[in-house]
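> Just need the structure, nothing else, for what follows:
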Amino acid sequence: MTTDSRRWQEAGIAGLTGHNHFDTFYTHLGLEQAMPLYQANDKLISERVMLAWRHAYTGVYPLSTFAFTSGGNPFAIQGAPIAKDALVMDLGVDATLPHKGLNMRLAYIGQVGGQVQDHGLTGRVSWQFD
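Numbers count the residues shown, from 1 in each chain. Prediction:
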């Protein structure tokens, strides 16, 4: 994974210029399973579970470099790290109405490892039409 932001600049007395770049390589080993919970003529509700172990091989600390636009030495700010080893989870429910082209998903997504945790709830609605 690579994140790279363009340089940016803010004016004023305490104006800053900054840049960040973050590279890491990681792998996942786990399982993914989906099973229908309810199925009718035009409806499908199913659950989906993904559990995996993620291992990061390279840098786990994002770093940004800043400098005041008025001059002076640049300084670095370290971001929140990703865990070197983590349990990654995606537990959700999908609903589909194929004749209307409607798909919905509600899921818990999380990562737990070492002293780093990240938890979230995500929802998605998509509608396809001709």
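
> rest of the way, CA atoms for contacts and neighbours
Will do.

> So, low pLDDT: which residues of the protein?
Under the criterion pLDDT under 70, the flagged ranges of the chain are 1-13.

> where do the strands sit along it?
For the chain, the strands defined by DSSP state E cover 2-4, 8-9, 16-23, 26-39, 44-56, 63-68, 75-78, 85-97, 102-113, 116-127.

> Just name the most buried of the ones you listed.
strand 85-97 (a mean of 19; mean count of other Cα atoms under 10 Å).

> helices and strands around that one, which ones?
In this structure, strand 85-97 packs against strand 44-56, strand 102-113, with contacts taken as 3 or more Cα pairs under 8 Å, 6 or more residues apart in numbering; DSSP states H and E.

> can I get those strands in a markdown table with distance to G79?
Below are the helices and strands packed on strand 85-97 laid out as a markdown table (distance: least, Cα to Cα, whole Å):
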| stretch | distance to G79 |
| --- | --- |
| strand 44-56 | 16 |
| strand 102-113 | 17 |
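
> Which of these sits closest to D23?
strand 44-56 (10.6 Å; Cα to Cα).
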